[in-house]
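*Asks:* Could you look at this predicted model? Sequence included:
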Amino acid sequence: MRVVLDTNVLVSAHLWKGNEWVVLGLCRRGDLLSVTSPFILSELERVLNQKFKEADGEVSQYITELVTMSDIVIPAGNLSVIDFDPDDDIVLETALVGHADAIITGDSHLLEVRTFKNVDILNARRFLRNIQRDVSKEDGK
């Protein structure tokens with residue numbers, strides 16, 4: 001399954017060991033394929049450096065890990081769906097260009113959309129619950 005991890009999910013996964021960390025772990029293990037874009041990676045670097053005062057080396061190492069394990073796509077920036085936060089359009093476009101099955105986010109504007117052109121948009125907790133349910137169904141076959 002191909003997933004876009006929004007910047008807020010990547011920040012949470014880096015700083016805390018909650019549901020976002022579990023989702024990132026599934027990507028690290030290869031159970032999920034992370035799809036990202038230079039915009040998401042740049043925003044992540046900015047947020048970690050400015051808001052959380054992370055050490056440059058630690059941030060660079062995290063970004064390098066994400067680049068290594070992700071399919072990097074280049075959205076054109078032509079999409080206009082989210083009026084309240086146009087930056088969210090890049091996340092949607094990353095998912096479309098990267099043929100993602102889902103966007104994992106904590107962003108309320110994106111979560112309100114729920115599904116966009118067959119891409120599910122959900123938070124990490126709900127995503128984990130859904131894939132656990134799907135695995136349980138497969139085990140019951």
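*Replies:* Great, that's in hand.

*Asks:* what is the mean pLDDT for stretch 23-42?
*Replies:* With pLDDT averaged residue by residue, stretch 23-42 scores 98.

*Asks:* repeat for stretch 115-132
*Replies:* pLDDT averaged over stretch 115-132 gives 97.

*Asks:* and what of stretch 91-98?
*Replies:* In the prediction, stretch 91-98 has an average pLDDT of 97.

*Asks:* List the buried residues for that stretch?
*Replies:* Buried residues in stretch 91-98, counted by 16 or more other CB atoms under 10 Å: 91, 92, 93, 94, 95, 96, 97, 98. Glycine gets a C-beta too; all of them are placed from N, C-alpha and C.

*Asks:* okay, that stretch in CSV with CA atoms only?
*Replies:* This file holds the C-alpha atoms of stretch 91-98, laid out as CSV (Å, rounded to 0.1, in the frame of the first residue of the first chain):
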residue,chain,number,x,y,z
VAL,A,91,-0.2,17.0,-0.2
LEU,A,92,-3.2,16.0,-2.3
GLU,A,93,-1.3,16.4,-5.5
THR,A,94,1.6,14.3,-4.1
ALA,A,95,-0.8,11.5,-3.4
LEU,A,96,-2.3,11.7,-6.9
VAL,A,97,1.1,11.9,-8.7
GLY,A,98,2.4,9.1,-6.5
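
*Asks:* Good, wrapping up.
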